[in-house]
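*Asks:* got a sequence here, can you build the structure:
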Amino acid sequence: SRQPGQAPEGTDAAPSQEEGFMRELYERCRTVNTVLGAWLNGSCEVLSIGEEELELGFYHPLHMQKVDKDCRTLVEQQAELMLGRAMRLKVRQVERGSPASRRVPKGGHLVEAARALGATPVTKDGD
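*Replies:* Numbers count the residues shown, from 1 in each chain. As a prediction, this is how the structure comes out:
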């Protein structure tokens, strides 16, 4: 079974920034509270990290509801410690591997370098 933040089976890709963040968030939550932290183990992925909001996409409604109701404070506290700023958790259900859960990176050094060379980011659905 896949651990949080590991690349999907059959790929050699290094974990993305979001996958690395999710792995560390899971480990931190699990250290504080093993039972509550377990709800983050492979059940979700980071959809976005904003200035004040962390959005997680969950594959199953039960995991999403449990984290939303019972783990919210723990997740927000650990995200705040990791990012150095207060964070509000937002949750929604997504299908594993769906376009909604696979957003095009808006930043990063490679995107900046490509833009500097005149590239324009595109998505599969034309957004």
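
*Asks:* phi, psi for V75 please.
*Replies:* Recorded main-chain torsions at V75 are phi -60, psi -40, according to degrees, to the nearest 10.

*Asks:* and it, how far is that from G20?
*Replies:* 16 Å (CB to CB, to the nearest Å). Where you see a C-beta, it was placed from the backbone N, CA and C, and this is true even at glycine.

*Asks:* between the two, tell me which one has more neighbours.
*Replies:* V75 (24 against 14; other CB atoms under 10 Å).

*Asks:* quick one: residues contacting that one.
*Replies:* 25, 29, 40, 54, 56, 67, 89 (CB atoms under 8 Å, 6 or more residues apart in numbering).

*Asks:* measure it to A119 for me?
*Replies:* Separation of V75 from A119 (CB to CB): 35 Å.

*Asks:* and E52, how far from E18?
*Replies:* 17 Å.

*Asks:* more neighbours, these two?
*Replies:* For E52 versus E18, the count of surrounding residues by other CB under 10 Å is larger for E18: 16 against 9.

*Asks:* pull the contacting residues for that one.
*Replies:* Counting by CB under 8 Å, 6+ apart, E18 has contacts 45-46, 49.

*Asks:* please apply the same query to E51.
*Replies:* Per CB under 8 Å, 6+ apart, neighbours of E51: R85.
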